[in-house]
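>>> Give me the fold of what follows.
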Amino acid sequence: MRSRIIKEGLERVPHRALLFATGIPKSEMKKPFIGVATSFTDIIPGHIGMRDLERFIEKGIHTGGGYPFFFGIPGICDGIAMGHTGMHYSLPSRELIADMVESITQAHQLDGLVLLTNCDKITPGMLMAAARINIPSIVVTAGPMISGHLKGKRLSLVNDTFEAIGKYKKGLIDEKELEELEVCACPGAGSCQGMYTANTMACVTEALGMSLPGCATALAVSAEKRRMAFASGERIVELIKKNITPRKILTRKAFENAIMVDLALGGSTNTVLHIPAIAHDAGVELPLETFDKLSKKTPHLCNMLPGGEHYLEDLDWAGGIPAVMKRLRRKLNDNVTVSGKRIYQIADSAAITNEHVIRPVEKAYHREGGIAILRGNLAPDGAVVKQSAVSEKMMRFEGKAKVYDSEEEGMKAILNGKIKAGDIVVIRYEGPKGGPGMREMLSPTATIAGMGLSESVALITDGRFSGGTRGPCIGHISPEAMEGGVIAILKDGDKISIDIPNRKIDVLLSDKEIKDRLSRWKPPKPKIRTGYLSRYARMVSSAGSGAVMK
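Predicted structure coming up:
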């Protein structure tokens, strides 16, 4: 055990004294020391139920024969941080989370980790740390929220609050209904109800083999989630005994499995940032093309919110991720998982209880997976679109640019009625360096959808999108504007062509015109020049490589 370094030998008398000061009995000193990284906080709905899960993890660790030490990890709620300065900190917080888990674990020489997480950047941050430290680790995602209800209709956060803003501006709903929606849409603990980033990453974690089967979709505050927490606590001790470490699980084939499950679900485009970042810390090369290559052979089987009709509770009741893997079994790799079962064992033992929620491959919603990677003179290093949330009509689109240098400028134009059918909204200087922090554009995209423009208006950005985004919205334009990408020299009225089936995105300018404009371009001053974000902007890589800090 690694923890012998802090608890055995004459020279460790002071260390033992400090450990005994915590109240640990002498009888427990020979047991594995297990860190429980908990991201409990009162301000994130997905995390408010974690105090309960902590108790069950603790019970499981004691039952398994280990001794737990809890330590706190911060979290940001992307929904609350959306549309203002707070969103600059969301993606950068992923690196802080990974660094903090690494620091606490290495400083105290813990033998294993249980990672209690749920929301958008906390889950990938913890997985990055697990891959980096490479000691036995298991992830517990705290579970999705149940749907809201109003007048017999089920509700979700994005479709019934963010998009409601556009509906209100168009006069489709009144102030009374708006107030009712904001009270009823999110009824309690859990990650937001659709296949947004938090739930997508929970599903990716399970598909990678880093959480127990069924963990991703077991609902928050359910008895099943409690049992999952207990079993994870018990299991970590066994992982330590067998020395099953993350890098034995997080192989290239495991990442391919996770991407295929993500594509079948129509998950968030943010996975194109997070999966490569986790792979980077696991020492696995995972180029952007991997997503597109797998997308062309992975069918879209689940029609989940925001682009579809089903909630996470529906996916759970239909069989969860094991059932999705059962559908994809012939395509998946037979890898090991933290459960001790291999992928094929999990898939073979799964039951599919609703064939509408998890369709057979031959009846897929779309022949290709949910994500597509576009390239062209506007994005030579790649751009990302959730094609499963784009209507057939908008898969090919040509329009005139309306260019804005920040999300706030773009949002103001949308709310003031300056965006018309045939426009392509361009929001730039919101990339990893330019933002800094690569803000999500859920407010603009949801407002466009709520105003009924998602069938006639597209949006492109060097920022990123929430998992709740739907419609022809193309993000991660690389190189970003701050790096002198072509998006930096676009002007109002420039014609842009989007061709998702052929994976193309181009501005219809001559090479000479592009070269002339770039020769005159000068980078603007950084928006934020002090503190963590200024350091982040100097060190972060492009979106095309996962926006990792180097």
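>>> Please count neighbours and contacts with C-alpha atoms only from this point.
Noted.
>>> Any idea which residue is closest to the centre of this protein?
residue 197 (3.6 Å; C-alpha atoms, centre = their mean).
>>> That residue contacts residue 272, correct?
No. With contact defined as C-alpha atoms under 8 Å, residue 197 does not count as touching residue 272 (10.9 Å).
>>> If we ignore the residues flanking it in sequence, what's nearest residue 294?
In space, and not counting its chain neighbours, residue 294 is closest to residue 260: 6.5 Å by C-alpha to C-alpha, 6 or more residues apart in numbering.
>>> ok, the one you found - how many residues close by?
Applying other C-alpha atoms under 10 Å, we find 28 residues neighbouring residue 260.
>>> swap in residue 428?
Residue 428 has 25 nearby residues by other C-alpha under 10 Å.
>>> How much space separates the residue nearest to residue 294 from residue 301?
According to C-alpha to C-alpha, to the nearest Å, residue 260 and residue 301 sit 11 Å apart.
>>> Tell me the predicted confidence for the residue nearest to the centre of the chain.
Confidence at residue 197, expressed as pLDDT, is 96.
>>> tell me the SS of residue 381?
At residue 381, secondary structure determined by DSSP: H, G, I helix; E, B strand; the rest coil is coil.
>>> right, and it touches residue 375 too?
Yes. Assessed by C-alpha under 8 Å, residue 381 is found in contact with residue 375 at 6.7 Å.
>>> longest strand in this protein, by residue count?
strand 396-404 (DSSP state E).
>>> what mean pLDDT does whatever helix or strand comes next after it have?
Beyond strand 396-404 on the C-terminal side, the first helix or strand identified by DSSP states H and E is helix 407-415. Computed over helix 407-415, the mean pLDDT rounds to 96.
>>> Packing partners of helix 407-415?
Under the contact definition 3 or more C-alpha pairs under 8 Å, 6 or more residues apart in numbering; DSSP states H and E, helix 407-415 sits against strand 423-427, helix 442-450.
>>> Which of the ones you listed comes out lowest on mean pLDDT?
helix 442-450 (a mean of 92).
>>> Against which helices or strands is that one packed?
On a contact count with 3+ C-alpha pairs under 8 Å, 6+ apart, helix 442-450 meets helix 163-169, helix 407-415.
>>> next one: that helix to chain centre, how far?
19 Å (C-alpha atoms, centre = their mean, to the nearest Å).
>>> Next secondary structure element downstream of it?
Under the assignment DSSP H and E, the closest C-terminal helix or strand after helix 442-450 is strand 458-461.
>>> before we move on, back to that, what helix or strand is the residue nearest to residue 294 located in?
Going by DSSP H and E, residue 260 is part of helix 252-265.
>>> Can you tell me which helices and strands that helix packs against?
Against helix 252-265 (3+ C-alpha pairs under 8 Å, 6+ apart) you get helix 197-208, helix 271-282, helix 289-295, helix 320-328.
>>> now residue 82: how far from residue 209?
According to C-alpha to C-alpha, residue 82 and residue 209 sit 31 Å apart.
>>> So for the two, which sits in the more crowded spot?
Counted by other C-alpha under 10 Å, residue 82 and residue 209 do not tie: residue 209 has more neighbours, with 28 against 18.
>>> Roughly how far does the more buried one sit from residue 247?
Distance, residue 209 to residue 247, using C-alpha to C-alpha: 11 Å.
>>> what does residue 54 give?
Relative to residue 247, and taking C-alpha to C-alpha, residue 54 is found at 26 Å.
>>> Also residue 132?
9 Å.
>>> which residues are common contacts for these two?
Common contacts of residue 132 and residue 247 (C-alpha atoms under 8 Å, 6 or more residues apart in numbering): residue 282.
>>> picking up where we left off before, if you compare the helices and strands packed on helix 252-265, which one is most tucked away?
The highest mean neighbour count among these, using mean count of other C-alpha atoms under 10 Å, belongs to helix 197-208: a mean of 28.
>>> Tell me which other helices or strands whatever helix or strand comes next after that one touches.
Where DSSP H and E defines the elements, the next helix or strand beyond helix 197-208 is helix 223-241. Packing partners of helix 223-241 (3+ C-alpha pairs under 8 Å, 6+ apart): helix 50-64, strand 112-117, strand 137-141.
>>> elements contacting the last one?
When contacts are defined as 3+ C-alpha pairs under 8 Å, 6+ apart, strand 137-141 packs onto strand 112-117, helix 223-241.
>>> Could you dump these into CSV with mean neighbour count, mean pLDDT and distance to residue 333 added?
Formatted as CSV, the helices and strands packed on strand 137-141 follow (neighbours: other C-alpha atoms under 10 Å; pLDDT from 0 to 100; distance: least, C-alpha to C-alpha, whole Å):
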stretch, mean neighbour count, mean pLDDT, distance to residue 333
strand 112-117, 28, 99, 25
helix 223-241, 22, 98, 21
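>>> so can I have CSV of those showing distance to residue 98?
Converted to CSV, those look like this (distance: least, C-alpha to C-alpha, whole Å):
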stretch, distance to residue 98
strand 112-117, 11
helix 223-241, 20
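>>> out of the ones you listed, which comes closest to residue 488?
strand 112-117 (36.9 Å; C-alpha to C-alpha).
>>> Between helix 50-64 and that closest one, find me the angle.
160 degrees (axes from the mean of the first three to the mean of the last three C-alpha atoms, to 10 degrees).
>>> Can you give the strand pairings for strand 112-117, parallel or anti for each?
Taking DSSP bridges as the criterion, strand 112-117 pairs within the sheet with strand 33-38 (parallel), strand 137-141 (parallel).
>>> winner for burial among the ones you listed?
Taking mean count of other C-alpha under 10 Å, strand 137-141 is the most buried of these, at a mean of 31.
>>> How about the helix or strand just after that one, which residues are buried there?
Going down the chain from strand 137-141, the next helix or strand is strand 148-150, by DSSP H and E. For strand 148-150, the neighbour count (16 or more other C-alpha atoms under 10 Å) marks 148-149 as buried.
>>> who touches strand 148-150?
By C-alpha under 8 Å, 6+ apart, strand 148-150 touches 154-156, 180-181, 184-187.
>>> Just send these back as a markdown table, with secondary structure too.
Formatted as a markdown table, the contacts of strand 148-150 follow (three-state DSSP):
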| residue | secondary structure |
| --- | --- |
| 154 | strand |
| 155 | strand |
| 156 | coil |
| 180 | helix |
| 181 | helix |
| 184 | helix |
| 185 | coil |
| 186 | coil |
| 187 | coil |
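>>> With distance to residue 96 and pLDDT added, can I get the residues you listed in a markdown table?
Formatted as a markdown table, these follow (distance: C-alpha to C-alpha, whole Å; pLDDT from 0 to 100):
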| residue | distance to residue 96 | pLDDT |
| --- | --- | --- |
| 154 | 36 | 98 |
| 155 | 33 | 97 |
| 156 | 30 | 96 |
| 180 | 37 | 97 |
| 181 | 34 | 97 |
| 184 | 33 | 97 |
| 185 | 31 | 97 |
| 186 | 28 | 98 |
| 187 | 30 | 98 |
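>>> Now the buried members of these.
Buried members of those, scored by 16+ other C-alpha under 10 Å, are 155-156, 181, 184-187.
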